[in-house]
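**Student:** Compute the structure for the input listed below.
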Amino acid sequence: MNNISQILYRSVVTPFYKQIAGAIYFLFFVLLGIQPNFKQALDTHYYIIRSIAYNPGAFSVFILLCILYSFKCVSFYASRTTKNEYLFLQAINGISFNKRLRYFAFAALIFLLPVVIYTAA
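**Tutor:** Sure, this is the predicted structure:
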């Protein structure tokens, strides 16, 4: 990880996850912690994923939740970059478009990591 990626990670990504840590812990507990054993937790996820794959209503709800989470990520990033304490992030606009796109894609991937992990399963 180079300097710009570290700056984005420390100034934007880390505070984002600190802000939503309670929600992530709650979802983790609900999805994994209330089943008596690990096999039942896997079965629960299997049925959730199966219902998302085969039920248009469940798929629509899942897509809506993913879109809402993406909007939360974008709004957090936008609010972070407009604060006076984070004006140094505007200096990233001075680098070439391809490098800037690569750094922001890295930050976006880390922002969306919970959705990416759950949809990749």
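
**Student:** And the helices in this protein?
**Tutor:** 3-8, 14-28, 38-54, 56-82, 97-111, 113-120 (DSSP state H).

**Student:** Those helices: lowest mean pLDDT?
**Tutor:** For the helices of the chain, mean pLDDT drops lowest on helix 113-120, to a mean of 80.

**Student:** hang on, the earlier thing: dump the helices of the chain to JSON lines, plus mean neighbour count.
**Tutor:** Heads up, the C-betas are built off the backbone N, CA and C, glycines and all. Output for the helices of the chain, formatted as JSON lines (neighbours: other C-beta atoms under 10 Å):
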{"stretch": "helix 3-8", "mean neighbour count": "15"}
{"stretch": "helix 14-28", "mean neighbour count": "12"}
{"stretch": "helix 38-54", "mean neighbour count": "12"}
{"stretch": "helix 56-82", "mean neighbour count": "13"}
{"stretch": "helix 97-111", "mean neighbour count": "14"}
{"stretch": "helix 113-120", "mean neighbour count": "12"}
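
**Student:** With distance to residue 91 added, can I get the ones you listed in JSON lines?
**Tutor:** Shown next, in JSON lines, are these (distance: least, C-beta to C-beta, whole Å):
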{"stretch": "helix 3-8", "distance to residue 91": "9"}
{"stretch": "helix 14-28", "distance to residue 91": "19"}
{"stretch": "helix 38-54", "distance to residue 91": "42"}
{"stretch": "helix 56-82", "distance to residue 91": "11"}
{"stretch": "helix 97-111", "distance to residue 91": "11"}
{"stretch": "helix 113-120", "distance to residue 91": "26"}
